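In: the following block contains a protein sequence and its predicted model.
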Amino acid sequence: MVNKEFFAALTDLVREKGISEEAFIETLQNALASAYKKQYDGGAEVSVSLDAEKGTIEFKATRYVVEEVVDKDKEISLEDAQELDPTHQVGDAIVKVFVPKDFGRIAAQTAKQVILQKLHEAERDNTFSEFSDKEGELMEGVIRKIDERNVYVELGDKKIEGVMPPQDRVMGERYVVGERIKVFVKRVKNSGRNSQIVVSRAAAGLVKKLFEEQVPEIAQGIVEIKEIAREAGHRTKMAIFSNDARVDAVGACVGNRGARVNAVVEELGGEKIDIILWNEDPLAFIYKALSPATVLSVTSKGERSAMAIVPDDKLSLAIGRDGQNARLAARLTGWKIDVKSASSPEAAEILAAMESEEEFEEVEEESVEQE
């Protein structure tokens, strides 16, 4: 008989940790059996039966009836078995119910350690299950620890820990213990001891979720974010589209006097954001994607490759510092973009041909009018 206060304490623990009583009892039974085997260096095949209502724990040792005994802890000869019960045959299992008198401090301590470990695993699994639908979402948390490699963020009411590795931090962004921070839940991985919630400040998804938070038209599905290309801490290009001709997609994202986009920029520490209208025509999309630069012409050069011609004085703006603007435009559109100044030989030839074509079309129009 086990003190019923012991079971009452276990019931309170189960309730506190949010674990099912059945799962806990099974864990406890396995832990006690494991502790017994460690205490007696293997021994018989032992199982444990726990009855919370009666307040009892029974140990059951099983031995199998065999012709010739090899392991006396797990086997019994047919002759000895039939002395216990003449009906026993080879292959029968003989179960002996007992309670070890000298289970002892070591076994009890072992059981306690196993129980705590199982409880921790069950609690972690429950918590991760709750977070499984948070992948791809925006969450607010508190920075609890920073080491040489990672930033650790406490998330949600149950204060589960999210890990922000170096590649998900923003260069130049300061992280301070105790500071509240918005993060993008990049991945929820539940795989035993390697379970982990990876959060990010550098992911493009963070920008998307911040705009969803600020722009009701995006949250409602009226305005759609088609593509995002981001170099965290520097610049983001976001392509949007309105599913309602009456709604100005860019205006909705910018907001009154820039209030909506400025709120996102502030959260991102001043990161520049180019809001671009998506176009199903890839060349027209490239035209817009090179914003804020003026583009004179975009022509296809082959499979997913194009040449964009810009005024000479806009070349550096179109390419951007260290090629950033052109690089982001290429990632946004999925096309390789070769940016040329208008005075370059290749561009000048294309522009001249375009000019001749326009003049020809004008002459044709005049001819039709005279007729």
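Out: Noted; the coordinates are in hand.

In: which residue ranges make up the domains of this protein?
Out: According to automatic domain parsing, the chain comprises the domains 4-130, 136-199, 203-278, 281-371.

In: just those domains: most buried one?
Out: domain 203-278 (a mean of 18; mean count of other C-beta atoms under 10 Å). The way it works is simple: take the backbone N, C-alpha and C, and place the C-beta from them, glycine included.

In: leaving out sequence neighbours, find the closest residue to R331.
Out: Of all residues not flanking R331 in the chain, A229 sits nearest, at 3.9 Å (C-beta to C-beta, 6 or more residues apart in numbering).

In: that older thread, as JSON lines, the domains of the chain with mean pLDDT would be great.
Out: JSON lines is the format used below for the domains of the chain (pLDDT from 0 to 100):
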{"stretch": "domain 4-130", "mean pLDDT": "78"}
{"stretch": "domain 136-199", "mean pLDDT": "89"}
{"stretch": "domain 203-278", "mean pLDDT": "97"}
{"stretch": "domain 281-371", "mean pLDDT": "85"}
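
In: which residues in the stretch 101-250 of the chain form helices?
Out: For the stretch 101-250 of the chain, the helices defined by DSSP state H, counting those that start in this stretch cover 104-131, 204-214, 216-219, 249-254.

In: hmm, back to that, list the contacts of the residue nearest to R331.
Out: Listed by C-beta atoms under 8 Å, 6 or more residues apart in numbering, the contact set of A229 reads A204, T236, K237, L328, A329, R331, L332.

In: dump the residues you listed into a markdown table; add distance to G55 as well.
Out: Formatted as a markdown table, the contacts of A229 follow (distance: C-beta to C-beta, whole Å):
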| residue | distance to G55 |
| --- | --- |
| A204 | 58 |
| T236 | 63 |
| K237 | 67 |
| L328 | 68 |
| A329 | 72 |
| R331 | 66 |
| L332 | 67 |
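
In: looking at the residues you listed, spot the one nearest D51.
Out: Ranked by distance to D51 (C-beta to C-beta), the contacts of A229 are led by A204 at 55.8 Å.

In: and the closest one, how far from F131?
Out: Noted for A204: a distance of 21 Å to F131, by C-beta to C-beta, to the nearest Å.

In: what does I115 give?
Out: In terms of C-beta to C-beta, I115 sits 25 Å off from F131.

In: go on, D338?
Out: The spacing between D338 and F131, counted by C-beta to C-beta, is 45 Å.

In: same thing with K37?
Out: 35 Å.

In: do L84 as well
Out: In terms of C-beta to C-beta, L84 sits 54 Å off from F131.

In: wait, what's in contact with the residue lying closest to V188 once chain neighbours are set aside?
Out: Distances taken as C-beta to C-beta, 6+ apart put E135 closest to V188, at 4.7 Å, once the chain neighbours are dropped. For E135, the contacting residues are V185, K186, R187, V188, by C-beta under 8 Å, 6+ apart.
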